[in-house]
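J.: no sequence for this one, just the structure:
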């Protein structure tokens, strides 16, 4: 296994982290197959993985509910005496906070579930701009100060699905941030905070952890012939998983890549890849760029996310509605994109809130009939999160 230093935290972290969001299950998402999942974690740890990342809602019946991932991870680490060997990362459910005392309440619940008296890396989970405004007003920074001084938490950070300017704004408000978890893969260089966010994290020496390196598996499943032909033309032959992971590990602003593995076979394959130095040539870097361009040719519309159509007078999040629709078309996977659409875009901001006022149309640089495109989004995703 190869290791990196996680920014100014000074932590030595395996460049492959174990994401405990997609553990194997039996009858439902909440019913973790503990025997199989234990084999996976044991193999990963024994072969060099030293970071496990979980969160309060992972493996719950409800998206926002109290999940079983933390409980399973805590039980596994205690029963196998791995706790001191592992950097344990989990997340405060920011969207559930209503008053200052809630931060302490949920942290204590998580410590109990994880069967530990400290958490190595504690992240504010999936910050959106409204969530950040809310928790900041609830004195979350004082809470984080207390966590650090008490020893309940060793290092603090946040995960986010926000644009780079908001990422920088949050980073600049608190000098004790040490870790940030963002989404990144070769298709997402300019999605959310993207490469500009990673560059800024490197500049301020904040550790970077990456989620969705395979875009929920969509970069390695149902690969279009046009894409496979490009991979086959490369100087070095790699599997789609190798391309996606090595693309990230060839960046000097990526410290740890989290993979939500679902089988022992996936763990073994990812550990093998993470243990291999693989410098991608400039010619093969161009192959990756061409693959990304090919995927983008499958977009559902020509939205460039310029933002001139915003803000919508009726509160529709036009840019992100069209983006998730485009991604669904690009990856030919509406089910996975529906998860992003319904979890990242507020109820009142989705496509079905469009009233066809047409005020946005004159501002579109791509001359899209935006209300018509939003209707396509609504018809594609529907109005209820009934995909899972």
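T.: Received it, and whenever you're ready, just let me know what you need. Values in this document were obtained by computation on a predicted structure and should not be read as measured data.

J.: Tell me where the protein has strands.
T.: Using DSSP state E, the strands of the chain run over residues 3-5, 12-14, 16-19, 51-53, 87-92, 119-127, 153-160, 177-183, 207-211, 256-259.

J.: Any idea which of those strands gets closest to residue 201?
T.: In terms of Cβ to Cβ, the element of those nearest to residue 201 is strand 207-211, at 4.7 Å. Backbone N, C-alpha and C define where each C-beta goes, glycine included.

J.: Export the strands of the chain to TSV and append columns for mean pLDDT, mean neighbour count and distance to residue 311.
T.: Putting these into TSV (pLDDT from 0 to 100; neighbours: other Cβ atoms under 10 Å; distance: least, Cβ to Cβ, whole Å) gives the following:
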stretch	mean pLDDT	mean neighbour count	distance to residue 311
strand 3-5	97	16	40
strand 12-14	98	19	39
strand 16-19	98	26	34
strand 51-53	98	25	34
strand 87-92	98	26	29
strand 119-127	95	24	20
strand 153-160	96	24	20
strand 177-183	96	23	24
strand 207-211	96	25	28
strand 256-259	96	27	33
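
J.: could you redo the ones you listed as TSV and give each row distance to residue 42?
T.: Below are these laid out as TSV (distance: least, Cβ to Cβ, whole Å):
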stretch	distance to residue 42
strand 3-5	20
strand 12-14	15
strand 16-19	11
strand 51-53	12
strand 87-92	16
strand 119-127	19
strand 153-160	24
strand 177-183	24
strand 207-211	22
strand 256-259	16
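
J.: what separates residue 369 from residue 353, distance-wise?
T.: For residue 369, the distance to residue 353 equals 17 Å [Cβ to Cβ, to the nearest Å].

J.: Please apply the same query to residue 279.
T.: According to Cβ to Cβ, residue 279 and residue 353 sit 48 Å apart.

J.: Of the two, which one has the most company?
T.: Neighbour count, other Cβ atoms under 10 Å: between residue 279 and residue 353, residue 353 has more, with 19 against 9.

J.: Quick check: chain neighbours aside, which residue is closest to the more buried one?
T.: residue 316 (5.0 Å; Cβ to Cβ, 6 or more residues apart in numbering).

J.: so what's that neighbour up against?
T.: Counting by Cβ atoms under 8 Å, 6 or more residues apart in numbering, residue 316 makes contact with 349-351, 353-354, 374.

J.: Between all of those, which two are separated the most?
T.: Using Cβ to Cβ, the pair of these lying farthest apart is 349 and 374, separated by 11.1 Å.

J.: neighbour-wise, which of the two wins?
T.: Shown here are residue 349 and residue 374; by other Cβ under 10 Å, residue 374 has more neighbours (24 against 16).

J.: so residue 93 touches residue 56, yeah?
T.: Yes - the criterion here is Cβ atoms under 8 Å, and residue 93 meets it with residue 56 at 4.4 Å.

J.: Any regions of the chain where pLDDT drops low?
T.: Scanning the chain for pLDDT under 70 picks out 62-64, 304, 336, 344, 383-388.

J.: Which residue lies nearest the spatial centre of it?
T.: Residue closest to the average C-alpha location in the chain (Cα atoms, centre = their mean): residue 211, at 3.6 Å.

J.: Pull up the overlap in contacts between residue 349 and residue 374.
T.: Residues touching both residue 349 and residue 374 (Cβ under 8 Å, 6+ apart): 316, 321.

J.: I figured residue 134 hits residue 97, correct?
T.: Yes - counting by Cβ under 8 Å, residue 134 touches residue 97, with 6.8 Å between them.

J.: In terms of neighbours, single out the busier of those two.
T.: residue 97 (20 against 16).

J.: Just list the residues touching the more buried one, thanks.
T.: 103, 106, 134-135, 138, 140.

J.: hmm, try it at 7 Å
T.: Residue 97 makes contact with 103, 134-135, 138, according to Cβ atoms under 7 Å, 6 or more residues apart in numbering.

J.: between those, which is nearest residue 321?
T.: Closest to residue 321, out of all of the contacts of residue 97 and judged by Cβ to Cβ, is residue 134, at 22.6 Å.

J.: before we move on, the earlier item: which residues are in contact with each of residue 93 and residue 56?
T.: Listed as contacting both residue 93 and residue 56 by Cβ under 7 Å, 6+ apart are residue 106.

J.: Tell me the gap between stretch 34-45 and the middle of its chain.
T.: Mean-position distance between stretch 34-45 and its chain equals 22 Å (Cα atoms, centre = their mean, to the nearest Å).

J.: Name the surrounding residues that touch that stretch.
T.: Stretch 34-45 is contacted from outside by 18, 23-24, 72, 76, 80, 82, 85-86, 261, 264, 267-268, 271, using Cβ under 7 Å, 6+ apart.

J.: Could you list the buried residues of that stretch?
T.: Buried residues in stretch 34-45, counted by 16 or more other Cβ atoms under 10 Å: 36-38, 40-41, 44-45.

J.: can you give me the helices in the stretch 201-350 of the chain?
T.: 225-232, 240-249, 264-274, 282-296, 318-331, 334-344 (DSSP state H, counting those that start in this stretch).

J.: The stretch 1-150 of the chain now?
T.: Using DSSP H, counting those that start in this stretch, helices in the stretch 1-150 of the chain cover 34-46, 69-79, 100-114, 129-137, 140-150.

J.: which of the ones you listed sits most buried?
T.: helix 69-79 (a mean of 21; mean count of other Cβ atoms under 10 Å).

J.: and it, what other elements does it pack with?
T.: The helices and strands touching helix 69-79, judged by 3 or more Cβ pairs under 7 Å, 6 or more residues apart in numbering; DSSP states H and E, are helix 34-46, helix 100-114.

J.: relative to helix 34-46, how tilted is it?
T.: Inter-element angle recorded for helix 69-79 and helix 34-46: 60 degrees (by axes from the mean of the first three to the mean of the last three Cα atoms, to 10 degrees).
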